[in-house]
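Enquirer: Below are the sequence and a predicted model; questions follow.
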Amino acid sequence: MENSNTELQKIQDLSNRALKRSEFAKKYGALMVFAVLLIINFCITKNFVSSTTVWNLIIHSTTVMCVAMGMTFVIAVAGIDISVGATMALCATVVAMMAEAGVPFLGCLIIGLLLGAGIGSFIGVLTVKFKIQPMVLTLAMMIILRSVARMVSNAKTVQVLDETFLAISGTSFGGIPIQLIYVVAFAVVFFIIAERTVFGKSVEAIGNNATAAKLSGIRSDRIVIGVYLLLGALTALAGVMAVSRTQNCNPSSVGSGMEMQAIAAVVIGGTSMAGGKPRILGTVVGCFIISIITMTVNMNGIDTAWSMLLEAAIIILAVYIQSDKGAKSRKIKAAKTTAAKGA
């Protein structure tokens with residue numbers, strides 16, 4: 001009997017260790033992946049170790065990070081939005097056309113942000129009030145918004161010549177790009193929102209248990225609509241940044257693939273697809289991982305399809321690590337190991 005209790009205790013201890021390793025992977029997995037990618041590039045990528053590489057990494061990450069910050073909160077409430085690329089296209093097209101018509105940049109920016117926020121709010125309302133599945137709803141919105149962007153511009157590329165508009169992404173300070181300020185601001189502001197505000201705590205509570213959150217007095221519907229509104233506004237801002245960087249707006253290509261990159265960054269960063277704690281700093285690292293994968297492919301002359309393949313593989317691995325099934329398999333493996341030792 002005593003031996004049996006000892007074996008059970010060993011199994012329990014190994015199970016607890018497996019769960020702790022799972023938590024460790026969720027918390028620090030993104031950093032470990034980033035470190036591995038850096039080491040690989042040090043070995044295989046020519047001229048990788050340079051200030052130019054660092055600035056390019058930050059510049060490339062900024063637009064994805066802008067969208068990913070909002071996506072983190074949406075995924076944290078167990079939502080999803082695969083229409084962000086199309087939202088970027090429509091908002092960027094409208095802003096670019098207004099700038100081309102001579103409207104002051106500030107006015108263009110405000111209209112663009114309001115449009116993005118309106119699209120996000122619309123998606124949020126349909127999700128919470130009409131109980132439409134976010135995946136299905138945003139798939140339809142992706143098609144609608146991209147089509148509207150093409151119709152508004154007659155499927156033509158809009159050139160951007162406004163100096164203030166271009167300065168958003170083209171300004172540098174002693175060789176340091178302005179995007180560094182954006183990256184730091186995103187990380188600090190949204191970390192504070194997630195960790196220190198009622199809104200952030202409400203998002204986490206809804207993601208952990210929506211029913212319990214509602215019973216505890218949290219206005220779940222408003223919070224969910226709020227996270228979609230936030231994502232819409234940030235997506236519009238990302239569209240403006242993207243157009244400012246390229247100096248033109250093609251409604252067919254702006255934001256293309258952004259939904260995959262943003263979702264990948266969030267999931268890699270440790271925010272669970274099932275909802276829960278929004279891990280902002282993890283998302284920041286996730287954005288750098290997405291960018292460094294793209295840079296590795298480009299700098300080594302590899303087909304860009306490989307970057308998409310790697311991103312997809314990392315998403316699958318990250319979701320598996322987060323899943324209950326993944327945790328259970330680790331517990332079972334630990335139990336079998338103990339049983340084999342006992343035999």
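Expert: Sure, I can see it. Residues are numbered from 1 along each chain as shown.
Enquirer: For the chain, which segments count as helices?
Expert: For the chain, applying DSSP state H gives helices covering 2-44, 51-76, 84-100, 105-129, 134-152, 163-170, 179-196, 198-208, 210-215, 220-246, 258-268, 280-299, 305-322, 324-342.
Enquirer: Leaving out chain neighbours, which residue sits closest to residue 31?
Expert: Of all residues not flanking residue 31 in the chain, residue 285 sits nearest, at 5.8 Å (C-beta to C-beta, 6 or more residues apart in numbering). Bear in mind the C-beta positions are built from the backbone N, C-alpha and C, glycine included.
Enquirer: That neighbour and residue 200, how far apart?
Expert: 19 Å (C-beta to C-beta, to the nearest Å).
Enquirer: These two: which has the busier surroundings?
Expert: residue 285 (23 against 20; other C-beta atoms under 10 Å).
Enquirer: Run through the residues that contact the more buried one.
Expert: 30, 31, 34, 268, 269 (C-beta atoms under 8 Å, 6 or more residues apart in numbering).
Enquirer: Tell me how many other residues crowd the second one.
Expert: Translated: residue 31. 16.
Enquirer: hang on, the earlier thing: switch the helices of the chain over to CSV; also include mean pLDDT and distance to residue 252.
Expert: Listed next are these as CSV, based on pLDDT from 0 to 100; distance: least, C-beta to C-beta, whole Å:
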stretch, mean pLDDT, distance to residue 252
helix 2-44, 72, 31
helix 51-76, 95, 17
helix 84-100, 96, 8
helix 105-129, 97, 18
helix 134-152, 96, 6
helix 163-170, 91, 21
helix 179-196, 96, 25
helix 198-208, 96, 34
helix 210-215, 92, 38
helix 220-246, 97, 13
helix 258-268, 93, 14
helix 280-299, 92, 20
helix 305-322, 77, 18
helix 324-342, 47, 39
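Enquirer: could I get these as JSON lines with distance to residue 274?
Expert: Below are the helices of the chain laid out as JSON lines (distance: least, C-beta to C-beta, whole Å):
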{"stretch": "helix 2-44", "distance to residue 274": "12"}
{"stretch": "helix 51-76", "distance to residue 274": "9"}
{"stretch": "helix 84-100", "distance to residue 274": "20"}
{"stretch": "helix 105-129", "distance to residue 274": "16"}
{"stretch": "helix 134-152", "distance to residue 274": "13"}
{"stretch": "helix 163-170", "distance to residue 274": "35"}
{"stretch": "helix 179-196", "distance to residue 274": "17"}
{"stretch": "helix 198-208", "distance to residue 274": "8"}
{"stretch": "helix 210-215", "distance to residue 274": "11"}
{"stretch": "helix 220-246", "distance to residue 274": "15"}
{"stretch": "helix 258-268", "distance to residue 274": "11"}
{"stretch": "helix 280-299", "distance to residue 274": "16"}
{"stretch": "helix 305-322", "distance to residue 274": "7"}
{"stretch": "helix 324-342", "distance to residue 274": "8"}
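Enquirer: and the nearest residue in space to residue 204 that is not next to it in sequence, what are its phi and psi?
Expert: Excluding the flanking residues, the one nearest residue 204 by C-beta to C-beta, 6+ apart is residue 277, at 5.0 Å. Main-chain dihedrals, residue 277, degrees, to the nearest 10: phi -70, psi 130.
Enquirer: For ChimeraX, what selects the buried ones among the contacts of residue 285?
Expert: Typed into ChimeraX, the line below selects the buried ones among those, using 16 or more other C-beta atoms under 10 Å:
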select :30,31,34,268,269
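Enquirer: Which one of the contacts of residue 285 is nearest to residue 49?
Expert: Nearest to residue 49 among these is residue 34, at 15.5 Å by C-beta to C-beta.
Enquirer: Would you mind confirming that the closest one is in contact with residue 293?
Expert: No: between residue 34 and residue 293 there is no contact under C-beta atoms under 8 Å: 10.3 Å.
Enquirer: mind listing what residue 55 touches?
Expert: If you count contacts by C-beta under 8 Å, 6+ apart, residue 55 has them with 175, 176, 177, 179, 180.
Enquirer: what pairs with the third one across the strands?
Expert: Going back to what we said before, that points to residue 177. On the basis of DSSP bridges, residue 177 is bridged to residue 172.
Enquirer: give me the number of residues near it?
Expert: There are 19 residues near residue 177, going by other C-beta under 10 Å.
Enquirer: For it, give its distance to residue 55.
Expert: Separation of residue 177 from residue 55 (C-beta to C-beta) stands at 5 Å.
Enquirer: Please apply the same query to the fourth one.
Expert: Here the criterion is C-beta to C-beta. By it, residue 179 lies 8 Å from residue 55.
Enquirer: follow-up on the earlier one: out of the contacts of residue 55, which end up buried?
Expert: Here, 16+ other C-beta under 10 Å leaves 177, 179, 180 buried among those.
Enquirer: What is the nearest of those to residue 78?
Expert: For the buried ones among the contacts of residue 55, the closest approach to residue 78 (C-beta to C-beta) belongs to residue 179, at 31.1 Å.
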